[in-house]
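J.: Here is a sequence with its predicted model. Questions after.
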Amino acid sequence: MEFPLPKVLQILSKEVAGYAVPIVDLIAVQTKDPYKVLVATILSARTKDETTARAAARLFKEAPTLAALATLSEERLAKLIFPVGFYKNKAGFLARLPGVLASEFGNQIPDEVEALTRLPGVGRKTANLVVAVAFKKPAICVDTHVHRIMNIWGYVQTKTPLETEMVLRKKLPPQYWLTINSTLVAFGQGTCKPVAPHCDRCVIAQYCPRIGVTPRKVPKQVKKTTEDGMRRFVSWNVNGLRAVEKKGFVEIITDLNADLVALQEIKALPEQLPESIKNIPGYTAYWFSAQKKGYAGVATYSKEEPISVIYGIDHKDHDYEGRVLTLEFSDFFFINAYFPNSQPGLVRMEYKLQFNNDLLAFAQTLAKQKSVVICGDFNVAHKEIDLTNPKQNEKNPGYAPQERAWMDQFIEAGFVDTFRMFNQEPGQYTWWSYRFNARARNIGWRIDYFCVDAKSAARVKAAGILPEVLGSDHCPVSLDFA
Ligand code: SF4
């Protein structure tokens, strides 16, 4: 059966009227200014709308016109537009834009696709969007949402957005050209999401053949994260983000529905990761990878935009290993840490203890300002109760006397191991060796923690371990924080 496009678009135009307006359309309506539409479109590539909106507002405050944009340095532009995706590249494009517009287009924003694609940072998708949105001229902007959804519907069978654009130019009735992008972007962001679309609540479900779609599993009992102002945090050593991606990582994170997700041992640079991981709907991800490829590295996904992000602990001996990433919010700091392993023969013990002490000093400094939550893979089981075979491991990495002594010192300094506030049972582990069927036999270690500074212990409402979550040799740990 032929896909009933007119009927579906009629339903969707009513449906998306209640959704957030895509940022570029919003800026067009609010400003009617092709310069601002062009700049917002450049900023919006691979970036969530909320992030684009905030970055555009900061930028337009200092550069309301093309002439004002020309006065800003590339460094200043990068600062203003951070954290949009590829902000350094985009700052370079924006720095070159006034020059190219002056020399080739008499300081006017061109209104043709081919001309626009000669501008720095403007590809075909951006050019089509500017022509359609800023100049209201016939153009079909095919971004990933349009390309993806048109293929899900079977209206096109194409491999690339460019192919989709070419097919739509022949097939799509002209009355839909100008609106198809904003309708499908809004719908793609709100319901037909790239990962786990909401087929369960979709208004056009009866017409959709769902080609190539894995529908969202409706979680049985997901905790409401904002109940009574409570936030849920999760920390997980994923032992390689690219590996865990193949084991349902995005769906796991979506279902956990935490406000903050701290990952350790990501073993990748952001540019090595697929879009599905870099842009999990509802989250902005912050990355601090190790300089050495395929090693260590931490990342934090946040629903809320932090006030600031601190990469590392300002220490040359540690920061190149990508071990600590801190997000600052109005009433707490969230430190995501991957502590070093002391290694067989304890050959890295000296380095590890130095790192631990430097991190403790960093956390104590922050705790003077506001609450501190510190989570991650501490790479140490603190007490006998925290591992299956304490006697056998007394001198081994992760349970060596020096490491346990440091953990004592950390607790004496006022930090609270939140899991033990609620649970004094043995057999509660967060890491199992891949060998000897250890996980199935629960021969493990509790080496992943959520800790808080002493004065914030009263804000801790629950702390747990999620051993049912598979995908890594560690499982996630969680904290409910008021
Ligand atoms: S039914 Fe599912 S796949 Fe089809 S449009 Fe709706 S959300 Fe997308």
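T.: Sure thing, it's come through. On a predicted model such as this, the values are computed, not experimentally measured, just so you know.

J.: Is Pro161 in contact with Val146, as I believe?
T.: Yes: look at Pro161 against Val146 with C-beta atoms under 8 Å: they come within range, at 7.4 Å. Where you see a C-beta, it was placed from the backbone N, CA and C, and this is true even at glycine.

J.: Those two: which has the busier surroundings?
T.: Val146 (26 against 21; other C-beta atoms under 10 Å).

J.: need the contact list for the more buried one.
T.: Ile140, Pro161, Thr164, Leu168, Ile180, Asn181, Leu184, Val185, Gly188 (C-beta atoms under 8 Å, 6 or more residues apart in numbering).

J.: Farthest from the middle of this structure: give me that residue.
T.: Lys391 (41.0 Å; C-alpha atoms, centre = their mean).

J.: re the thing from before, return the subset of the contacts of Val146 lying in helices.
T.: Residues of the contacts of Val146 located in helices (DSSP state H): Pro161, Thr164, Leu168, Ile180, Asn181, Leu184, Val185, Gly188.

J.: Include distance to the ligand and pLDDT when you put those into CSV, please.
T.: Formatted as CSV, the ones in helices among the contacts of Val146 follow (distance: C-beta to the nearest ligand atom, whole Å; pLDDT from 0 to 100):
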residue, distance to the ligand, pLDDT
Pro161, 18, 88
Thr164, 16, 94
Leu168, 17, 96
Ile180, 14, 93
Asn181, 16, 89
Leu184, 10, 94
Val185, 13, 88
Gly188, 8, 90
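
J.: quick one on the thing from earlier: could you report the separation of the residue farthest from the centre of the chain from Gln402?
T.: 18 Å (C-beta to C-beta, to the nearest Å).

J.: go on, Asp453?
T.: Asp453 is 24 Å from Gln402, by C-beta to C-beta.

J.: Which of the two has more residues huddled nearby?
T.: Per other C-beta under 10 Å, whichever of Asp453 and Gln402 has more neighbours is Asp453, with 22 against 15.

J.: Next, the contact list for the closest residue in space to that one that isn't next to it in sequence, please.
T.: Once flanking residues are discounted, Asp453 sits nearest to Ala367: 4.1 Å by C-beta to C-beta, 6 or more residues apart in numbering. Applying C-beta under 8 Å, 6+ apart to Ala367 gives the contacts Phe333, Gly414, Asp453, Lys455.

J.: Now a PyMOL select for only the buried ones of those residues.
T.: Those of the contacts of Ala367 that count as buried under 16 or more other C-beta atoms under 10 Å are selected in PyMOL with:
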select buried, resi 333+414+453
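
J.: which of the contacts of Ala367 lies closest to Tyr176?
T.: Of all the contacts of Ala367, Tyr176 sits closest to Phe333, with 48.6 Å by C-beta to C-beta.

J.: Tell me the helices and strands packed up against the strand or helix carrying the closest one.
T.: Per DSSP states H and E, Phe333 falls inside strand 332-338. On a contact count with 3 or more C-beta pairs under 8 Å, 6 or more residues apart in numbering; DSSP states H and E, strand 332-338 meets strand 231-237, strand 260-264, strand 298-302, strand 324-329, helix 349-367, strand 371-377.

J.: quick one: the fifth one to strand 324-329, angle?
T.: Relative orientation of helix 349-367 and strand 324-329, computed by axes from the mean of the first three to the mean of the last three C-alpha atoms, to 10 degrees: 10 degrees.

J.: My understanding was that Lys125 contacts Cys141; is that so?
T.: Yes: if you go by C-beta under 8 Å, Lys125 and Cys141 touch, sitting 5.9 Å apart.

J.: More neighbours: these two, which one.
T.: Cys141 (27 against 22).

J.: and the gap between the more buried one and Ala57?
T.: 23 Å.

J.: out of the contacts of Ala367, which are inside strands?
T.: Phe333, Asp453 (DSSP state E).

J.: so which of the contacts of Ala367 comes closest to the ligand?
T.: Closest approach to the ligand among those (C-beta to the nearest ligand atom): Phe333, at 38.0 Å.

J.: ok now do the closest one, which residues does it touch?
T.: Thr326, Leu327, Leu366, Ala367, Gln369, Lys370, Ser371, Val372, Val373.

J.: Closest one to Val37 out of those residues, please.
T.: Using C-beta to C-beta, the contacts of Phe333 come closest to Val37 at Leu327, 31.6 Å.

J.: Burial check on that closest one, number of neighbours?
T.: 23.

J.: what do you get for Ala361?
T.: Count around Ala361 with other C-beta under 10 Å applied: 12.

J.: Compute the first-to-last residue distance for stretch 99-110.
T.: 14 Å (C-alpha to C-alpha, to the nearest Å).

J.: contacting residues around it?
T.: Residues contacting stretch 99-110 (C-beta under 8 Å, 6+ apart): 34-35, 38, 66, 70, 98, 115-116, 118-120, 130, 134.

J.: Output these as CSV; include the columns neighbour count.
T.: Output for those, formatted as CSV (neighbours: other C-beta atoms under 10 Å):
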residue, neighbour count
Pro34, 19
Tyr35, 23
Leu38, 28
Leu66, 20
Ala70, 16
Pro98, 20
Ala115, 16
Leu116, 25
Arg118, 12
Leu119, 22
Pro120, 16
Val130, 30
Ala134, 24
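
J.: would you list those in CSV and tack on distance to the ligand, pLDDT and secondary structure?
T.: Shown next, in CSV, are the contacts of stretch 99-110 (distance: C-beta to the nearest ligand atom, whole Å; pLDDT from 0 to 100; DSSP: H, G, I helix; E, B strand; the rest coil):
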residue, distance to the ligand, pLDDT, secondary structure
Pro34, 32, 93, helix
Tyr35, 35, 95, helix
Leu38, 30, 94, helix
Leu66, 39, 96, helix
Ala70, 43, 97, coil
Pro98, 41, 97, helix
Ala115, 35, 96, helix
Leu116, 30, 96, helix
Arg118, 36, 96, coil
Leu119, 33, 96, coil
Pro120, 35, 95, coil
Val130, 27, 91, helix
Ala134, 28, 89, helix
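
J.: could you dump the residues you listed to CSV with distance to Val347?
T.: Shown next, in CSV, are these (distance: C-beta to C-beta, whole Å):
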residue, distance to Val347
Pro34, 62
Tyr35, 59
Leu38, 56
Leu66, 59
Ala70, 56
Pro98, 55
Ala115, 61
Leu116, 58
Arg118, 57
Leu119, 54
Pro120, 49
Val130, 58
Ala134, 61
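
J.: Closest one to Gln291 out of the residues you listed, please.
T.: Distances from Gln291 to the contacts of stretch 99-110, taken by C-beta to C-beta, are shortest for Pro120, at 28.8 Å.

J.: I am finished for the moment; much appreciated.
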